[in-house]
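Undergrad: Model the structure of this input:
(one chain, ligands or ions: 1)
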Amino acid sequence: KKIVAALAALAVGATVLIAPAQAQDKKYTIALIPGLTTDGFYITMRKGAQAAADALGVNLVFQGAPEFNPVTQVPVLDAVIAKKPDAILIAPTDKVQLVEPLRKANDAGIPVITVDTFIGTGSYQTGAGDADFPLAYIASDNVLGGEIAARALATAIGDKGKVYVSNVKPGISTTDQREEGFKKEMAKHSGITVLETQFNDDDANKAASQLQAVFARNPDLVGVFGANLFSALGAANGVKQAGQTGTVKVVAFDAPTSIVDNINTGLVDVAIAQHPAEIGYFGVVSAYAHLTGHSIPVSIGTGFTIMDKSNIADPNISKYLYSE
Ligand code: T6T
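TA: Residues are numbered from 1 along each chain as shown. This next block holds a predicted model:
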C-alpha cells in the first residue's frame, strides 16, 4: 500500500514525499500523565509535548491527579490504560508503587516511557529486575543537580555552617537523587554540617513551618536546599517569616516565575531550572519514533539553567522560567 502511495505521490509532485508516510496512515494518541497537574514544571512539560505532537500530527492527551501521590495517580493511569492510547508517557510518583500499575499497561501492549521520574532503578531494557520494561527514561540528571545545588550553597555560606535539605518524601526517584547528589558533594566540605532532612509531602506551607522549627532548634542554621519547586518556595517563605532573608541562604531546585522576585530580593541565592519542555518534547518524539518503527535511546538526559541575581534579567536565561 505504501509503495503505491509513494508512487502516487511521485506522480503528483515531490513536496508530498516529505510528509511522513506513517502519519498519513494513522493518527497516534499519546497520553502524558504528569506527577500532578497543578505544578509549573509539568505545565511546561505539557507545552513541550504539545509542540512535538503538533509537529508530528499526534493527538496528545494530558491527564493527571491534582497532587503528587501514587494513591491518586494510579486511578488516573488505570483510566488512561482503559482508553488504549498508542503510548504512555508518565512521571511515576513512586519508584516502587507504580511498577505493577505500569506493568498492566505494558502487558496490554501499550509502550511505556517514563519522563522526569523513573521506576525501579531507572535502568530499562536490561533484562534485569522486574521494572526494566519501560522503553526509555527522559529526564534531568538529578544526582548532578543535587551536586550543583550543594556547590552553590557551599559558596553562598562561605563553606561553613549548618544546612539541611527540604525534601518531598522518600521513594521519588528525582528528589531522592537530588538529596543523594547534595550529600555526596557536601561530604567533601568539612566545614559544613548537613542536618536531618525534613520531608514536607510537596506542601510548601509545611516546608515553611519546618524551616522555622529547624531554625528554632539551630539558631546557627546558615542554609537550606529546597529539593523541588514546593520545597524551595516553602523553605524560602520560612526564611522570610523567620526574618532571616540573606542570613539563611536558600538554593532552590526548579524555577516558577515567583523565583524571580525571590532572587532579586536576595531571599533565594540560586535557582536550578530544569528544562521540562525539553523533556516533554523528546518524550513525544521518542514515543512517535518507536510507534513508527524506529529504535530509540533508552535514556535521554536534558539540561539545567542556573539562575541567580547576575543573570536572571537575561532573556536567554529567563526563558527557562516555568509556565503557570
Ligand atoms: O522538581 C519537579 C520534578 O522534577 C519532581 O519529580 C517533582 O517535583 C517537581 O515537579 C517540582 O514541583
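Undergrad: Quick one: name the residues of the stretch 201-324 of the chain near the ligand.
TA: Proximity of the stretch 201-324 of the chain to the ligand (Cβ under 6 Å from any ligand atom) is limited to residues Asn228, Leu229, Phe230, Phe253, Asp254, Gln274. No exception for glycine: its C-beta is placed from N, CA and C like everyone else's.
Undergrad: and the two most separated of these?
TA: Using Cβ to Cβ, the pair of these lying farthest apart is Phe230 and Gln274, separated by 14.2 Å.
Undergrad: tell me the mean pLDDT over the helix or strand harbouring Leu211?
TA: Following DSSP states H and E, one finds Leu211 within helix 204-217. Helix 204-217 shows a mean pLDDT of 98 in the predicted model.
Undergrad: At the contact with the ligand, which residues of the stretch 1-150 of the chain appear?
TA: Residues of the stretch 1-150 of the chain found near the ligand (Cβ under 6 Å from any ligand atom) are Gly35, Asp39, Phe41, Asp116, Thr117.
Undergrad: Tell me where the chain has strands.
TA: Secondary structure of the chain by DSSP state E: the strands cover 29-33, 59-62, 87-90, 112-115, 136-140, 161-167, 192-194, 198-199, 221-226, 249-253, 270-274, 299-302, 304-308.
Undergrad: Distance from the first one to the middle of the chain?
TA: Right, the one you point to is strand 29-33. Relative to the centre of its chain, strand 29-33 is centred 16 Å away, using Cα atoms, centre = their mean, to the nearest Å.
Undergrad: who touches it?
TA: Contact with strand 29-33 is made by 45-46, 49, 53, 58-64, 73, 76-77, 80, 83, 85-91, 115, 280, 283-284, 287-288, as judged by Cβ atoms under 8 Å, 6 or more residues apart in numbering.
Undergrad: so how far is Arg46 from Thr38?
TA: 12 Å (Cβ to Cβ, to the nearest Å).
Undergrad: Could you do Phe133 as well?
TA: Counting by Cβ to Cβ, the gap from Phe133 to Arg46 is 24 Å.
Undergrad: Compare those two (neighbour count), which wins?
TA: Set side by side, Phe133 and Arg46 show more neighbours around Arg46, with 21 against 18, by other Cβ atoms under 10 Å.
Undergrad: That one contacts Gly280, correct?
TA: Yes - here Arg46 reaches Gly280: they are 6.1 Å apart, a contact under Cβ atoms under 8 Å.
Undergrad: Give the buried residues for stretch 163-178.
TA: Residues of stretch 163-178 classed as buried: 163-168, 172-178 (neighbour count, 16 or more other Cβ atoms under 10 Å).
Undergrad: So for it, mean pLDDT?
TA: Taken as a whole, stretch 163-178 has a mean pLDDT of 98.
Undergrad: and that stretch, how far from the chain's centre?
TA: Distance of stretch 163-178 from the chain centroid (Cα atoms, centre = their mean) equals 13 Å.
Undergrad: Restricting to C-alpha, output that stretch in CSV.
TA: Output of stretch 163-178 as CSV, limited to C-alpha atoms (Å, rounded to 0.1, in the frame of the first residue of the first chain):
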residue,chain,number,x,y,z
VAL,A,163,22.4,23.4,56.4
TYR,A,164,19.6,20.9,55.7
VAL,A,165,17.6,19.5,52.8
SER,A,166,13.9,20.4,52.5
ASN,A,167,12.5,17.4,50.5
VAL,A,168,9.2,15.9,49.4
LYS,A,169,9.1,12.3,50.6
PRO,A,170,11.3,9.2,50.2
GLY,A,171,10.6,7.0,47.2
ILE,A,172,10.5,9.6,44.5
SER,A,173,13.4,9.0,42.1
THR,A,174,14.2,12.6,41.3
THR,A,175,14.1,14.1,44.8
ASP,A,176,15.9,11.1,46.3
GLN,A,177,18.7,11.5,43.7
ARG,A,178,19.0,15.3,44.3
